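> give me coordinates for this.
(chains A, B, C and D)
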Protein chains: 2
Amino acid sequence: MADDMTAHSFDDVVRIEEETSSSQTGRSKPVRIEEVARLADVSPITVSRALRNPDLVSEKTRKRILEVVQETGYWSNPHASALRSGRSSIVAVFVSNLLSQQYTRAAQACAQVIEANGLQMMVGQTSYSYSRELTAIQSLRALRPAAVFLTGVIELEENRRMLRDLNIPIVESWAHTRDPIDMLVAFSNVDAGRLAATHLANRGFKRPAFIGRGGGRGKLRLQGFTERLSQRDLPLTGSVVVDQVESIENGRSAYRKLQESGVSFDSVFCANDLLGIGAMIEAGAQGQRIPEDVGILGFGDRSDLAALSPRLSLVGVDTSQIGRQAGEMILSRLNGEEAPERLCVDLSLLQGVTT
Amino acid sequence: MADDMTAHSFDDVVRIEEETSSSQTGRSKPVRIEEVARLADVSPITVSRALRNPDLVSEKTRKRILEVVQETGYWSNPHASALRSGRSSIVAVFVSNLLSQQYTRAAQACAQVIEANGLQMMVGQTSYSYSRELTAIQSLRALRPAAVFLTGVIELEENRRMLRDLNIPIVESWAHTRDPIDMLVAFSNVDAGRLAATHLANRGFKRPAFIGRGGGRGKLRLQGFTERLSQRDLPLTGSVVVDQVESIENGRSAYRKLQESGVSFDSVFCANDLLGIGAMIEAGAQGQRIPEDVGILGFGDRSDLAALSPRLSLVGVDTSQIGRQAGEMILSRLNGEEAPERLCVDLSLLQGVTT
DNA sequence: TTGTATGCGTTATCAG
DNA sequence: CTGATAACGCATACAA
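The predicted structure is shown next:
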């Protein structure tokens, strides 16, 4: 089969010419502030001010300067700026995993907020590893970032201190913690479990079960789930703890495992992204009617799961809201305004057809 | 339901103390090259050389310098370095969409390669928009990146020129094009279609159909599919063109649409990530046996789809290979070595149970 | 409101 | 192989 695949064809890439190119092209040397100053007939420092603190420059000169900036396409050299001021316009964002949309969605939302304000986002990956975390923080520290946003909470005291010593706005997120390094945007994983239990109880299910990870956030979700169930005088009928939660297949097998355990459940709270979809698919494949025979409730990022499997009911978090909030907190602080130290992001129930 | 959700609990975040902290902490002023030089009893420039061009410094002094660097935790200031040398250690990576694992997987792989060599990755998003592309490129240009990697091909001539004028290694990717700006890592979308057709033919299917996007790469995949089918004396039995390819639901509805079109097909090539899963689920839900009643063939990133739906057969690309190759090409060029101008990434067939 | 003098930390250049 | 000197482009501090 391979042999007839050797020659490859060229894909059609449309080549688009610009309409009226007003911008200078082919320029090898970037414009410097000095040239702008010369053309606007002011000193370099006035240009600098006109761009960073417009209020300090008279209406008239400012206008003239901005015109020249336009014409020349001047863009300040961020390295020179950072070197002199000791602070760059880079906001460092550390995601736990670049491959998980939960985190990239937050990063993206944060980027939108800060980029609108002339800051740039730099994404790094901590890979759930303390040592990677350390290296990432070290090299980013050298860049003198203006602020840091993390999709997680830093646990290692040494890494916490290193970040704190930067003396810049730091936003941790994703989970509550008693003493964040600086600011925090979180949702409660325990509440997620409670909300799931409340919902299943309200929908009239009597024998709820649980599928999820045994540690970390999964554990917390189970804790809230169990607690609220007992408040509603319902038993936790069964539970399956899984390690692998990366694929739909994991959800299917966990569901089968729950069945094999012999308990008689009428509903399941699947406390992790893909587990819910897997359980739904497996139940459907077995010919069970949903939600008449069994109710399935998932958990995860609202937008992700709604796109992936729009019929699934789920306890949802809006992770892009986390990123947006983080961005806004950072901006406030950089502008010298007050910013909340701790923000709580709402969980919500997204009603599909499975409960 | 909401009212009993107001109080939130603190999640258990383990706080970990470092064991034996040999590193200096609480240091507010970073060490400068001057101090290292003083302690090693050489001039600053020798320290600089010892770190960047060890060969130019004698074994003995180099050893002494590196010791001091270790002790002091010296890390060069990238801004000062970039300012003076006109080149930073940042590699700019532009992904079309941060939310698509296809691209982030490539970015991640590229990061692994370059970070091992002391470079840092900065991720930007072009969002499939020419103007976003322009802004992103402009602000990144200011950072004087060492190289650029794009998960796509730049079409707008003005943007192409801007990148070319940077005079640094540029890697485009994802599709073939006649004249890349500099280097290219691509796979052939037409070949993907050919490979799909060959596979279905070899497996004995007689009436293949197609589901995919009507434009861009989808079109190219259909082109190759049709061409190869006719070479094997098979008809294209039916085809459904969709715009939305973001969810499994889109795949399910496309499959129904194909059925409603009245044609009698025995297999489908779904030329986009989630369409294949959707078709597989829908066929299964209707009680059709796979692959006896109908064969389903997907297309996409190997690792993504294997994780999401391991049973689906698919024409796969290893997008992390694209990123890795790009990273290596960049490194070669930065080290003054020769690097290939164009690299072709293999497509492969991942055998699941659906064909 | 604007300008002058100076230095941020590094590396290119050239000399030894 | 090593060092002295200057310069990268901007923003702080202070003066006018």
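> contacts and neighbour counts: CA atoms only from here.
Fine.
> give me the element the closest residue to residue A:115 other than its chain neighbours is part of.
Once flanking residues are discounted, residue A:115 sits nearest to residue A:121: 7.4 Å by C-alpha to C-alpha, 6 or more residues apart in numbering or on different chains. Assigned by DSSP states H and E, residue A:121 falls within strand A:120-125.
> just say helix, strand or coil for residue A:172.
Per DSSP: H, G, I helix; E, B strand; the rest coil, the local secondary structure of residue A:172 is strand.
> so residue A:227 sits in a helix?
Yes. Residue A:227: assigned to a helix according to three-state DSSP.
> ok so, going back, relative to strand B:120-125, how tilted is the strand holding residue A:121?
120 degrees (axes from the mean of the first three to the mean of the last three C-alpha atoms, to 10 degrees).
> which other residues reach strand A:120-125?
Contact with strand A:120-125 is made by A:89-98, A:107, A:111, A:114-115, A:132-133, A:136, B:121-124, as judged by C-alpha atoms under 8 Å, 6 or more residues apart in numbering or on different chains.
> do that again at 7 Å, thanks
A:89-98, A:111, A:114, A:136, B:122-123 (C-alpha atoms under 7 Å, 6 or more residues apart in numbering or on different chains).
> and for stretch A:77-85?
A:88, B:79, B:80, B:82, B:83, B:142, B:143.
> do stretch A:296-310 as well
With contacts defined as C-alpha under 7 Å, 6+ apart, stretch A:296-310 is touched by A:102, A:267-273, A:276-277, A:280, A:312-319, A:352, A:354-355, B:246-249.
> so of those residues, which ones are in strands?
Within these, residues falling in strands by DSSP state E are A:267, A:268, A:269, A:270, A:313, A:314, A:315, A:316, A:317.
> on the strand side of things, show who the second one bridges to.
Yep, that's residue A:268 we're talking about. Beta-bridge pairing of residue A:268 under DSSP bridges involves residue A:209, residue A:296.
> so is the helix or strand hosting residue A:68 next to DNA strand C?
Residue A:68 belongs to helix A:59-72 when assigned by DSSP H and E. Yes. Using C-alpha under 7 Å from any atom of the strand, a contact is recorded between helix A:59-72 and DNA strand C, made by A:60, A:61, A:62.
> dump those residues to JSON lines, plus neighbour count, distance to residue B:237 and pLDDT.
Output for these, formatted as JSON lines (neighbours: other C-alpha atoms under 10 Å in any protein chain shown; distance: C-alpha to C-alpha, whole Å; pLDDT from 0 to 100):
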{"residue": "A:60", "neighbour count": "8", "distance to residue B:237": "70", "pLDDT": "89"}
{"residue": "A:61", "neighbour count": "16", "distance to residue B:237": "70", "pLDDT": "91"}
{"residue": "A:62", "neighbour count": "20", "distance to residue B:237": "67", "pLDDT": "92"}
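> so which of those residues are also by DNA strand D?
Counting by C-alpha under 7 Å from any atom of the strand, no member of the residues of helix A:59-72 next to DNA strand C reaches DNA strand D.
> check the offset of the strand holding residue A:121 from the chain's centre.
With C-alpha atoms, centre = their mean, to the nearest Å as the basis, strand A:120-125 stands 12 Å off its chain's centre.
> average pLDDT across stretch A:37-49?
If you average the pLDDT over stretch A:37-49, you get 92.
> ok, stretch A:321-336 next?
What stretch A:321-336 shows for mean pLDDT is 93.
> how about that stretch: buried residues?
Neighbour counts over stretch A:321-336 (16 or more other C-alpha atoms under 10 Å in any protein chain shown) mark A:321, A:322, A:323, A:324, A:325, A:326, A:327, A:328, A:329, A:330, A:331, A:333 as buried.
> for the first one, pull up the helix or strand it's in.
According to DSSP H and E, residue A:321 maps onto helix A:319-334.
> would that helix count as contacting DNA strand D?
No. Judged by C-alpha under 7 Å from any atom of the strand, helix A:319-334 makes no contact with DNA strand D; its nearest approach is 12.6 Å.
> show me how far that helix is from its chain's centre.
So, by C-alpha atoms, centre = their mean, the centroid of helix A:319-334 is 11 Å from its chain's centroid.
> helices or strands up against that helix?
helix A:101-115 (3 or more C-alpha pairs under 7 Å, 6 or more residues apart in numbering or on different chains; DSSP states H and E).
> CA atoms only: put the helix it packs on into CSV for me.
Provided in CSV are the C-alpha atoms of helix A:101-115 (Å, rounded to 0.1, in the frame of the first residue of the first chain):
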residue,chain,number,x,y,z
GLN,A,101,-8.7,21.8,26.6
GLN,A,102,-9.7,22.6,30.1
TYR,A,103,-6.4,24.4,30.6
THR,A,104,-5.9,25.8,27.1
ARG,A,105,-9.3,27.2,27.2
ALA,A,106,-8.4,29.1,30.3
ALA,A,107,-5.1,30.2,28.8
GLN,A,108,-6.9,31.4,25.7
ALA,A,109,-9.4,33.4,27.7
CYS,A,110,-6.7,35.0,29.8
ALA,A,111,-4.7,35.8,26.6
GLN,A,112,-7.7,37.6,25.2
VAL,A,113,-8.0,39.9,28.2
ILE,A,114,-4.4,40.7,28.6
GLU,A,115,-3.5,41.0,24.9
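> anything in the worst-scoring helix or strand of chain A on mean pLDDT near chain B?
The helix or strand of chain A with the poorest confidence is helix A:130-142; it has a mean of 75 (mean pLDDT, DSSP states H and E). Yes. With C-alpha under 7 Å from any C-alpha of the partner chain as the criterion, chain B is reached by helix A:130-142 at residue A:142.
> name the residues of that helix that are buried.
By neighbour count on 16+ other C-alpha under 10 Å, the buried set for helix A:130-142 is A:133, A:134, A:136, A:137, A:139, A:140, A:141.
> could you point out which element follows it?
By DSSP H and E, the next helix or strand past helix A:130-142 is strand A:147-150.
> elements contacting that next one?
Applying 3+ C-alpha pairs under 7 Å, 6+ apart, one finds that strand A:147-150 contacts strand A:90-95, strand A:170-173.
> recalculate using a threshold of 10 Å.
Under the contact criterion of 3 or more C-alpha pairs under 10 Å, 6 or more residues apart in numbering or on different chains; DSSP states H and E, strand A:147-150 touches strand A:90-95, helix A:101-115, strand A:120-125, helix A:130-142, strand A:170-173, strand A:183-186, helix A:319-334.
> the fourth one near DNA strand C at all?
Translated: helix A:130-142. No. Helix A:130-142 stays clear of DNA strand C (C-alpha under 7 Å from any atom of the strand), getting no nearer than 9.3 Å.
> now the angle between strand A:120-125 and that helix, please.
160 degrees.
> what about residue A:30, distance to residue B:137?
14 Å (C-alpha to C-alpha, to the nearest Å).
> ditto for residue A:275
39 Å.
> outline the domain layout of chain A.
A:33-76, A:88-187+A:320-345, A:189-317 (the TED database).
> kindly reformat the ones you listed as TSV containing distance to residue B:340.
Formatted as TSV, the domains of chain A follow (distance: least, C-alpha to C-alpha, whole Å):
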stretch	distance to residue B:340
domain A:33-76	33
domain A:88-187+A:320-345	28
domain A:189-317	36
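> these: which one's closest to residue B:225?
Nearest to residue B:225, of all these, is domain A:189-317, at 26.8 Å by C-alpha to C-alpha.
> so residue A:155 touches residue A:163, yeah?
No. Using C-alpha atoms under 10 Å as the test, residue A:155 is too far from residue A:163 to be in contact (11.7 Å).
> comparing the two, which residue is more hemmed in?
Neighbours were counted for residue A:155 and for residue A:163 using other C-alpha atoms under 10 Å in any protein chain shown; residue A:163 has more, 23 against 16.
> phi, psi of the more buried one?
Per-residue torsions, residue A:163: phi -70, psi -40 (degrees, to the nearest 10).
> what's near enough to touch it?
Listed by C-alpha atoms under 10 Å, 6 or more residues apart in numbering or on different chains, the contact set of residue A:163 reads A:134, A:137-138, A:141, A:147-148, A:154, A:157, A:169-170, A:181-182, B:26.
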